[in-house]
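>>> 3D model of this:
(one chain, ligands or ions: 1)
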Amino acid sequence: MGDAASALREAALILAEVSDSPRLDAELLMAHALQMERSELLLKLPELKALAEFSTLIERRQQSEPIAHIIGKKEFWGLDFQVTPDVLIPRPDSELLIEEAVRIFASAHPYRIVDLGTGSGALLLATLHEFPEAKGLGMDASAAALQIAHNNADALGLADRAKFLLLDWTLRDWTGSLGSGFDLILANPPYVATRARLSADVANFEPHQALFAGEQGLDDYRIIIPALEKLLSPTGTALLEIGFDQANPVSEIAIKSGYHVELKQDLGSNDRLLVLRR
Ligand code: GLN
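Model prediction:
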């Protein structure tokens, strides 16, 4: 292999066929191969040689394997999260939930937080990071996902304030073991319609259990929203991520359950978040 700078240029050209961010992808994979941070790679680029391993990583990306799976991690809210095929890869769009939590609880921090379908633990751990007095509970129906969430809590130094619970909300009385009186409820449930066409990197690599939610993608909201009543404190707030085209149907479910609903858009101006209060 030659110098790193030309290897990067060539890789970016190749990856343009499968990725919207080919140059960034190539940089992240090069940094991974050289076992350095991307910032260090960019600083030292002129003097670096490419490693043979880099081409193997590029080949994997060419097959649409997500960068987060190849390098085993993804940054969310400025924090590093371990990621495997057992968990949904944290999306930048979901940072909107953390942003809103920080805004809503600016003067009175939440004490008790629950994350429904915690996956990698990204939402729960990012909020615990923001609210040092808070304690959090992350539930998920996947034991493999909870192991990753545990690892992330450990790595981020949040293990003493984060608990995790294996729990399936399709079972009866699932809220019983969660407790009640939560100041903040977070949820990024599966919300993709069963027949939706997803890009290959999502459809072929990410856990379908965390993505698909019935014909309209509403199945899990229909379970979660009516159950909030048992979980939410009288003055609490629930932040629900939604698909870009789900503001109306999900608001309707929430209003029927007696909630006041506010809609928020993400950086791409897509409807992304519903804020629910009693
Ligand atoms: N936002 C994800 C996607 O675009 C879906 C996440 C979910 O279903 N919660 O694929």
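
>>> Does residue 80 have any beta-bridge partners, and if so which?
With DSSP bridges applied, residue 80 shows beta-bridge pairing to residue 75.

>>> Next: residue 187.
residue 116, residue 240.

>>> right, and it touches residue 242 too?
No - the pair residue 187 / residue 242 is not scored as a contact, 9.9 Å apart, by C-beta atoms under 8 Å. C-beta: built from backbone N, CA, C; applies to glycine.

>>> what residues do the two have in common as contacts?
Between them, residue 187 and residue 242 share no contacting residue under C-beta atoms under 8 Å, 6 or more residues apart in numbering.

>>> next one: phi and psi at the residue nearest the centre of the chain?
Closest residue to the average C-alpha location of the chain: residue 90 at 2.7 Å, with C-alpha atoms, centre = their mean. Here is the backbone geometry of residue 90 (degrees, to the nearest 10): phi -60, psi 130.

>>> Might one say that it is in contact with residue 78?
No - the criterion here is C-beta under 8 Å, and residue 90 misses it with residue 78 at 11.6 Å.

>>> thinking again about what came up before, where's the residue nearest to the centre of the chain relative to residue 171, distance?
26 Å (C-beta to C-beta, to the nearest Å).

>>> now do residue 115
For residue 115 relative to residue 171 (C-beta to C-beta), the value is 18 Å.

>>> Then residue 234?
Between residue 234 and residue 171 the distance, using C-beta to C-beta, works out to 27 Å.

>>> In the stretch 151-278 of the chain, what residue spans correspond to helices?
Applying DSSP state H, counting those that start in this stretch to the stretch 151-278 of the chain gives helices spanning 200-203, 219-231, 247-256.

>>> Check the offset of the longest one from the chain's centre.
The offset between the C-alpha centroid of helix 219-231 and the centroid of the whole chain comes to 20 Å, using C-alpha atoms, centre = their mean, to the nearest Å.

>>> Likewise for the shortest one?
Relative to its chain's centre, helix 200-203 lies at 15 Å (C-alpha atoms, centre = their mean).

>>> do that helix and the ligand meet?
Yes - with C-beta under 6 Å from any ligand atom as the criterion, the ligand is reached by helix 200-203 at residue 202.

>>> so who does residue 105 touch?
Neighbour list for residue 105: 131, 183-184, 237 [criterion: C-beta under 8 Å, 6+ apart].

>>> for those, which one is nearest the ligand?
residue 184 (18.4 Å; C-beta to the nearest ligand atom).

>>> my read: that closest one touches residue 101, true?
Yes - here residue 184 lies in contact with residue 101, judged by C-beta under 8 Å, at a distance of 6.1 Å.

>>> what residues do these two have in common as contacts?
Counting by C-beta under 8 Å, 6+ apart, the residues touching both residue 184 and residue 101 are 110, 127, 237, 239.

>>> residues contacting residue 42?
By C-beta under 8 Å, 6+ apart, residue 42 lies in contact with residue 27.

>>> Just to be sure, it is in a helix?
Yes - applying DSSP: H, G, I helix; E, B strand; the rest coil, one finds residue 42 inside a helix.

>>> Can you tell me how far it is from residue 261?
Counting by C-beta to C-beta, the gap from residue 42 to residue 261 is 43 Å.

>>> can you check residue 84 too?
Taking C-beta to C-beta, one finds residue 84 at 34 Å from residue 261.

>>> Equivalent analysis for residue 169, please.
21 Å.

>>> Might you list the low-confidence residue ranges for this structure?
The model of the chain has pLDDT under 70 over residues 1.

>>> Going along the chain, name the strands of it.
Secondary structure of the chain by DSSP state E: the strands cover 73-76, 79-82, 112-116, 135-140, 162-166, 182-187, 232-241, 260-265, 271-277.

>>> would you list those strands in JSON lines and tack on mean neighbour count and distance to residue 199?
Below are the strands of the chain laid out as JSON lines (neighbours: other C-beta atoms under 10 Å; distance: least, C-beta to C-beta, whole Å):
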{"stretch": "strand 73-76", "mean neighbour count": "20", "distance to residue 199": "16"}
{"stretch": "strand 79-82", "mean neighbour count": "18", "distance to residue 199": "21"}
{"stretch": "strand 112-116", "mean neighbour count": "26", "distance to residue 199": "26"}
{"stretch": "strand 135-140", "mean neighbour count": "24", "distance to residue 199": "24"}
{"stretch": "strand 162-166", "mean neighbour count": "18", "distance to residue 199": "30"}
{"stretch": "strand 182-187", "mean neighbour count": "24", "distance to residue 199": "24"}
{"stretch": "strand 232-241", "mean neighbour count": "20", "distance to residue 199": "19"}
{"stretch": "strand 260-265", "mean neighbour count": "15", "distance to residue 199": "22"}
{"stretch": "strand 271-277", "mean neighbour count": "21", "distance to residue 199": "18"}
